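> Need the 3D shape of this:
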Amino acid sequence: MDGYSINQNTDYKKEVVSFFISKNILVNTAFLDTSVALNKDSFYTLLQEKVDLNSFLYINNELKELIFSISFPKVSWLEFEKARVLFEKNNQDDAYKRFLDYFKKTNEPKKIPQPTNPEDMSKSPVKVIFSYKEEPKQRKAKDFMALFVKRYEAIESMLRNRQELQNLTSINKILSKKERENVSIIGMVYDIQMTKNGNLMVTVEDLTGCIKLLVTKNKPDLYDESKNIVLDEVIGVSGMNGENILFVDSIIRPDVPLNKELKKSPDEAYALFLSDLHVGSTNFLEENFQKFLRWINGEFGSKEQREIAANVKYIFIIGDLIDGCGVYPEQDKELIIKDIYQQYEVCAQLLSKIPTRIRMIILPGNHDALRISEPQPELYKDFAKAMWDLPNVIMISNPGYVNIHATKTFPGFDVLLYHGYSFDYYVANVDSIRNRGGYNRADLIMKFLLQRRHLAPTHKSTLYIPETTKDPLVIDKIPDFFVTGHIHKTSVSQYRNITLISGSCWQSKTIFQEKVGHNPEPCRVPIVNLQTRAVKILRF
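Next up, the predicted model:
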């Protein structure tokens, strides 16, 4: 090349640099080397069409080629820049490559759903037992009282016929008694205090009045048990009445029956449990989830694992399908997809790769695009239309009940599904849970709630809608499976022939989790053989 063309190229490069700097955009050397044949004005017009320039910082050659070929979703360009810097300085390319892969995959043609085979679907029946349907209406203060009355009446009916509660009476009758005798009451916990002597004083109320209960430390077992009492739970109590007080001998909770049948399917079939995908987060572990998708399609794993995948009939997704927008302050800095509609569209694209012979039962969580108050209705169609369009999806509320795998000769399995937003409160406030593992022991939290027959017994453990005809968080039907998510930790256990399963997550540790010392265990999939009730945890 002669000197004239060299100088000409150099001058044009300077012109390109000046042009983009005036637009608050930086360019790298490699981009400049290929910019000689570039019409800077046309390229900038294209850039305006493709990306949000309010936060766009930098063009390199890789990004230039993508800008010519694809349409970009809304992403955090600041996070993209951080990933690029780590790649160039420290050769940490994971995050940077995830961005580039995501840009390309967003523009791949959508997978056409497989035709639904009615025969296959009929072999995997799902009956919705309960899914909350909201009736829009004005809420008033008296509705909260009505809700608690309905809760009390529901749980009181569970306790009323318990043999341990002999001489059952109302609180107002006890308060009017002059003589001492053994009595029993059913009350909702109103207050909990420690006396100067270290005894526990609990105030309970029923529909007739309030009374104080005294639990002395001279009864160690009872005293330890009383420390698990939480506000607003409904308990049965037996003891000796005194003057405006009851000296407690025993505490009875509604609990679940000891003799519940452990049902098993007559044929081999599997159900698996996913939770907390958090699609849209920069921490979403897409590569691991793609590995799961390859396995469920029989393209990955040992022969035995592929055989299990072929027999999966049900997949439960227990909330937080997307990371959401504005869930917590400055969340946008941790989002690779900032548009709520696109988050659901990408999630639907991923889930569309699951064979349509498998029924997917989906409920929302606190990161999904709807109200946080419980019960949460099904995912809103206006935000999550792409999810509703999947042919093998059944949407339910949070919480919700379904029955699966029933036949003419087998009643099927009742599954109670709850995302688990109330769990944070009990980990923080119940010593027996916090001191024995806290977030690492989802089984303790789930057992705690089953014993109280309520998913959020304490008023401030979750936000809720004050329904006046029924408390939808009461566990009125005993499930075969109790399934939750939220805490990003997998747990499997049994309690009185109920299988307790906490789902994992598909998101690596966030900045918030690091601050609070929470260590998630992502990419683990509990899977249950419905014929044997054996549970395995697959790691992806």
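
> Name the helix or strand of this structure that has the lowest mean pLDDT.
The weakest-scoring helix or strand in the chain, judged by mean pLDDT, DSSP states H and E, is helix 118-122 (a mean of 54).

> Give the other helices and strands that the helix or strand following that one contacts.
Next along the chain after helix 118-122, taking DSSP states H and E as the criterion, comes strand 126-131. With contacts taken as 3 or more Cβ pairs under 8 Å, 6 or more residues apart in numbering; DSSP states H and E, strand 126-131 sits against strand 393-395, strand 400-404. For every residue, glycine as well, the C-beta is placed using N, CA and C.

> Run through the strands of the stretch 101-250 of the chain in chain order.
Under the criterion DSSP state E, counting those that start in this stretch, the stretch 101-250 of the chain carries strands at the ranges 126-131, 182-194, 200-205, 210-215, 234-241, 245-252.

> Now for the residue nearest to His518 when sequence neighbours are not counted: which residues touch it?
Excluding the flanking residues, the one nearest His518 by Cβ to Cβ, 6 or more residues apart in numbering is Tyr439, at 6.0 Å. Residues near Tyr439 by Cβ atoms under 8 Å, 6 or more residues apart in numbering: 423, 427, 487, 489, 518.

> For Tyr439, report the pLDDT, please.
Per-residue confidence (pLDDT) for Tyr439: 91.

> Equivalent analysis for the one 4 residues further on, please.
The per-residue pLDDT reported for Asp443 equals 96.

> cool, and Pro136?
78.

> Can you get me a residue count around it?
4 (other Cβ atoms under 10 Å).

> Would you check how far apart it and Ile396 are?
19 Å (Cβ to Cβ, to the nearest Å).

> quick one, domains of this protein?
3-106, 160-252, 258-539 (automatic domain parsing).

> Compare those and give me the one nearest Ile129.
domain 258-539 (3.8 Å; Cβ to Cβ).

> Between the two ends of the closest one, how far is it?
33 Å (Cα to Cα, to the nearest Å).

> again, but for stretch 206-224
Start-to-end, stretch 206-224 (Cα to Cα) is 24 Å.

> That one - what's its average pLDDT?
On average, stretch 206-224 scores 95.

> what ranges do the helices span in the stretch 351-500 of the chain?
Remark: helices assigned in the stretch 351-500 of the chain by DSSP state H, counting those that start in this stretch are 381-388, 423-429, 431-434, 442-452.

> who wins for proximity to Lys263 among those?
Nearest to Lys263, of the helices of the stretch 351-500 of the chain and by Cβ to Cβ, is helix 442-452 at 17.0 Å.

> For the closest one, which outside residues touch it?
Here helix 442-452 has contacts from 228, 230, 233-234, 253-256, 420, 422-423, 426-427, 430, 432-433, 436-437, 455-457, 475, 482, 484, 487, 489, 491-493, 495-496, 498, 500, 502, using Cβ under 8 Å, 6+ apart.

> which of those count as buried?
Buried positions within those, assessed by neighbour count (16 or more other Cβ atoms under 10 Å), are 228, 230, 233-234, 253-256, 420, 422-423, 426-427, 430, 433, 455-457, 475, 482, 484, 487, 489, 491-493, 495, 498, 500, 502.

> Run the chain-centre distance for stretch 315-322.
6 Å (Cα atoms, centre = their mean, to the nearest Å).

> So which bits of it are buried?
Quick answer for stretch 315-322 (16+ other Cβ under 10 Å): 315-322.

> Would you mind measuring the gap between the ends of it?
Start-to-end, stretch 315-322 (Cα to Cα) is 17 Å.

> Could I get the average pLDDT for it?
98.

> What of stretch 365-378?
Computed over stretch 365-378, the average pLDDT equals 95.

> What would it look like as PDB? C-alpha coordinates only.
Extracted in PDB, the C-alpha atoms of stretch 365-378 (Å, rounded to 0.1, in the frame of the first residue of the first chain):
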ATOM      1  CA  GLY A 365     -42.800 -17.400  42.900                       C
ATOM      2  CA  ASN A 366     -41.800 -14.100  44.400                       C
ATOM      3  CA  HIS A 367     -39.600 -13.200  41.400                       C
ATOM      4  CA  ASP A 368     -42.300 -13.800  38.800                       C
ATOM      5  CA  ALA A 369     -44.300 -10.900  37.200                       C
ATOM      6  CA  LEU A 370     -47.300 -10.800  39.500                       C
ATOM      7  CA  ARG A 371     -48.200  -9.700  43.000                       C
ATOM      8  CA  ILE A 372     -46.100 -11.100  45.800                       C
ATOM      9  CA  SER A 373     -49.100 -11.500  48.200                       C
ATOM     10  CA  GLU A 374     -50.200 -15.100  48.700                       C
ATOM     11  CA  PRO A 375     -52.000 -16.900  47.400                       C
ATOM     12  CA  GLN A 376     -50.500 -15.900  44.100                       C
ATOM     13  CA  PRO A 377     -52.700 -16.600  41.100                       C
ATOM     14  CA  GLU A 378     -51.500 -18.400  38.000                       C
END
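
> Show me which positions of that stretch end up buried.
Result for stretch 365-378 [16+ other Cβ under 10 Å]: buried residues 365-370, 374-378.

> Excluding chain neighbours, give the residue nearest to Leu199 in space.
Careful, residue 199 is Asn; it's not Leu. Thr216 (4.9 Å).

> Counting neighbours, what do you get for that neighbour?
16.

> beta partners of Val248?
Gly239 (DSSP bridges).

> can you count the residues close to it?
There are 22 residues near Val248, going by other Cβ under 10 Å.

> again, but for Lys178
6.

> One more: Lys264?
13.

> so who does it touch?
530-533.

> quick one: which of those has the most company?
That'd be Leu530 among the contacts of Lys264, by other Cβ under 10 Å, with 25 neighbours.

> Return the distance of that one relative to Asp249.
43 Å.

> OK, contacts around Cys210?
Cys210 touches 171, 190, 203-204, counting by Cβ under 8 Å, 6+ apart.

> Kindly recompute the last result at 10 Å.
171-172, 175, 187-188, 190-191, 203-204, 244 (Cβ atoms under 10 Å, 6 or more residues apart in numbering).

> Can you turn the buried part of the residues you listed into a ChimeraX selection?
To isolate the buried ones among the contacts of Cys210 in ChimeraX, judged by 16+ other Cβ under 10 Å, type:
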select :171,175,187,188,204
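
> Out of the contacts of Cys210, which comes closest to Thr10?
Asp191 (81.0 Å).

> Surely the closest one is in contact with Val202?
Yes - contact criterion Cβ atoms under 10 Å: Asp191 and Val202 qualify, at 7.1 Å.

> intersection of neighbour lists for these two?
212, 231.

> just checking, Leu63 is part of a helix?
Yes - looking at Leu63 with DSSP: H, G, I helix; E, B strand; the rest coil, it is inside a helix.

> okay, it: pLDDT?
At Leu63, pLDDT is 71.

> Go ahead and confirm it touches Leu26.
No - checked against Cβ under 10 Å, the pair Leu63 and Leu26 is beyond contact range at 11.5 Å.

> which one of the two has more residues nearby?
Leu63 (21 against 15).

> gap between that one and Thr282?
17 Å.

> Of the domains of the chain, which stretch is the most buried?
The highest average neighbour count among these, using mean count of other Cβ atoms under 10 Å, belongs to domain 258-539 at a mean of 19.

> any chance you could map the strands in the stretch 401-540 of the chain?
Counting by DSSP E, counting those that start in this stretch, the strands of the stretch 401-540 of the chain are 413-418, 481-484, 491-495, 498-502, 524-529, 535-539.

> Give the pairing partners of the shortest one; include direction for each.
Yep, that's strand 481-484 we're talking about. By DSSP bridges, strand 481-484 pairs with strand 413-418 (parallel), strand 498-502 (parallel).
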